[in-house]
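Q: what follows is a predicted protein model with its sequence.
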Amino acid sequence: MRFKELFEEVKQSKRKGLKHLDKLSPIDFIQLLHFFKDELKGVLSNKTSKITLKIDGIGIRFGVDDKGTFFMESSHSGPQFKAGSYAKQLLKKFGNMKPEMEGFLKGFDDSLEKLKANKKLVNYLSQFGGVKLFGEQLYLPAAEITGNLARWVFVDYDTKKLGKLATFVLFKVEDLEGNLHPKSDEIIKYLKNNISNKDIKYDDPKENIENIDISYEIDDFLKVINNSPNIEQTLASRKHIDRPQKAIFKALIMNMQEKLSKKIHTKMKSSKFGEDFEGFVFELANGQTFKVISDQWKKRKQEQLKQKK
């Protein structure tokens, strides 16, 4: 059992997941293609989209309260101010814990102690009057190490690109009311450039990829769509008479979704943490967000599911 599975056991609610490009609803997908063509000219790039790396580690949060006291927490553990308090909370809730949980708890406690002892970090965060940073932790002692590669769940990260003890990939910063902090990017950038050291590294998930030109595929597909003026009405219809045409449209769209996913995937050759990766998230100017996952990650996920049967 891997750490991601163990971590899921202590969650009190599910996270809202991102949608895969090839699993968007037919109507959402058609609207997305029109946006690609009209606004992006059929090209995905860092100039037109916010592109971030999905991290295959353990979700973690840390920060300081309004009194400047450092804390760390898992998704739903609540703030933990002292090493060992989280383990006691889990024991009280679940009884005896599985041996595999020890690696996660050691990473939690070890990181809590070291980050709390870093006065430069705590003093910097304290000036904002209470903040919480969200991210994923890659704690080396809890990883499966093979040569220069470290794996926590399904991805092999290059240890040369990580902190010797841990790496925190930070996504956002909130105030204690749960609102996005106006200086979220500034805070993460400061930790990355001024607090990181050889043992504990702070980073963001931003990625630079070469332009992905999907204009040819989009133009070809939209020619068919434009010749079917009632396609969205047919897709939304529940009438028996529309079922045959609806099935044809859905098959056409699914084929296009797979084609675009593969086209984008061919451009995803590596990440800032090595040649292996889970996938990338694309956030467009219209607010729509989707993800494209690597074939390697999907394969490993399927292998694990087979082992469970």
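A: Noted; the coordinates are in hand. Just so we're clear, the structure is a prediction, and the values are computed from it rather than from any experiment. Residues are numbered from 1 along each chain as shown.

Q: quick one: the strands in the stretch 151-300 of the chain, in order.
A: Secondary structure of the stretch 151-300 of the chain (DSSP state E, counting those that start in this stretch): strands at 156-158, 166-175, 200-203, 212-213, 279-284, 289-293.

Q: now those in TSV, with mean pLDDT?
A: Formatted as TSV, the strands of the stretch 151-300 of the chain follow (pLDDT from 0 to 100):
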stretch	mean pLDDT
strand 156-158	96
strand 166-175	96
strand 200-203	97
strand 212-213	89
strand 279-284	90
strand 289-293	89
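
Q: distance to Gly57 and mean neighbour count added to these, as a markdown table?
A: C-betas here are computed from N, CA, C, even on glycine. Below are the strands of the stretch 151-300 of the chain laid out as a markdown table (distance: least, CB to CB, whole Å; neighbours: other CB atoms under 10 Å):
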| stretch | distance to Gly57 | mean neighbour count |
| --- | --- | --- |
| strand 156-158 | 8 | 22 |
| strand 166-175 | 7 | 21 |
| strand 200-203 | 12 | 22 |
| strand 212-213 | 26 | 18 |
| strand 279-284 | 14 | 20 |
| strand 289-293 | 16 | 19 |
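
Q: nearest to Leu115, of those?
A: Nearest of these to Leu115, taken as CB to CB: strand 200-203 at 7.3 Å.

Q: Ile51 is nearest to which of the strands of the stretch 151-300 of the chain?
A: Of those, nearest to Ile51 by CB to CB is strand 279-284, at 5.8 Å.

Q: looking at the protein, which helix is longest?
A: Scanning the chain for the helix with the most residues, using DSSP state H, yields helix 243-267.

Q: what's the closest non-adjacent residue to Phe290?
A: Using CB to CB, 6 or more residues apart in numbering and skipping the chain neighbours, the partner closest in space to Phe290 is Leu21 (4.6 Å).

Q: returning to that earlier point: nearest to Glu186, of the strands of the stretch 151-300 of the chain?
A: Each of those has some distance to Glu186 by CB to CB; the shortest is strand 166-175, at 8.8 Å.

Q: helices or strands up against that closest one?
A: On a contact count with 3 or more CB pairs under 8 Å, 6 or more residues apart in numbering; DSSP states H and E, strand 166-175 meets strand 58-64, helix 101-117, strand 131-139, helix 184-190, strand 200-203.

Q: check these for me: which has the lowest mean pLDDT.
A: Looking at the helices and strands packed on strand 166-175, the lowest mean pLDDT belongs to helix 101-117 (a mean of 83).

Q: helices and strands around it, which ones?
A: Under the contact rule (3+ CB pairs under 8 Å, 6+ apart), helix 101-117 is packed against helix 3-9, strand 58-64, strand 70-73, helix 85-94, helix 119-126, strand 131-139, strand 166-175, strand 200-203.

Q: who touches that helix?
A: Helix 101-117 is contacted by residues 3, 6-7, 58, 60, 62, 70, 72, 74, 80, 82-84, 86-87, 90, 97, 121-122, 137, 139, 141-142, 165-166, 199-200 when judged by CB atoms under 8 Å, 6 or more residues apart in numbering.

Q: can you give me the pLDDT of the nearest residue to Gln245 once chain neighbours are set aside?
A: Among residues not flanking Gln245 along the chain, Thr234 sits closest, at 5.5 Å (CB to CB, 6+ apart). Thr234 is assigned 88 on the pLDDT scale.

Q: if I look at Thr234, how far off is Ala117?
A: Going from Thr234 to Ala117 by CB to CB, to the nearest Å gives 63 Å.
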